[in-house]
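[1] below is the sequence, then the predicted model.
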Amino acid sequence: MNNKQHQLPHLHAKFQDDEVIVSIPDGDVLDGQLPRSKMRLLLAWIELHKEELRADWDLAVAGEQPFKIEPLR
């Protein structure tokens, strides 16, 4: 991932040996991949938590500890 992409609000998600980096809040894949069914779950989770994710991104960029967000279950 290049520096320009790293400046975009994004998250890293892992499932077994797969990892994906997706933008916040739109869920565009910046790098990697997940199995299709897991990707659908991740995109739904992003939609449910997009405001929290954006707030956490702002905290992280400011060097502060982000809040914990309920994970996928």
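    All right, it came through fine.
[2] could you tell me how many residues sit around Arg73?
    5 (other Cβ atoms under 10 Å). The C-beta positions use only the backbone N, C-alpha and C, and glycine is treated the same way.
[3] quick one, what contacts it?
    Applying Cβ atoms under 8 Å, 6 or more residues apart in numbering, one finds that Arg73 lies in contact with no residue.
[4] how much space between it and Glu64?
    Computed as Cβ to Cβ, to the nearest Å, the Arg73 to Glu64 distance reads 27 Å.
[5] report pLDDT for Phe15.
    With respect to pLDDT, Phe15 has a value of 94.
[6] what helix or strand is the closest residue to it other than its chain neighbours located in?
    Leaving out its chain neighbours, the residue that sits closest to Phe15 by Cβ to Cβ, 6 or more residues apart in numbering is Lys38, at 4.8 Å. Secondary structure assigned from DSSP states H and E places Lys38 in helix 36-61.
[7] quick one: list the elements packing against that helix.
    strand 10-15, strand 18-23 (3 or more Cβ pairs under 8 Å, 6 or more residues apart in numbering; DSSP states H and E).
[8] got the phi/psi numbers for Gln16?
    Backbone geometry at Gln16, expressed as degrees, to the nearest 10, gives phi 50, psi -120.
[9] the most centrally placed residue in the chain pairs with what?
    Compute the mean C-alpha point of the chain, and by Cα atoms, centre = their mean the closest residue is Leu11, 2.5 Å away. Beta-bridge pairing of Leu11 under DSSP bridges involves Val22.
[10] surely it and Val22 touch.
    Yes - in this structure, Leu11 sits in contact with Val22. The criterion is Cβ atoms under 8 Å, and the distance is 6.1 Å.
[11] list residues touching both of the two?
    Taking Cβ under 8 Å, 6+ apart as the contact definition, Leu11 and Val22 share the neighbouring residues Ile46.
[12] just the mean pLDDT for stretch 28-38, thanks.
    96.
[13] fine by me, we can end here.
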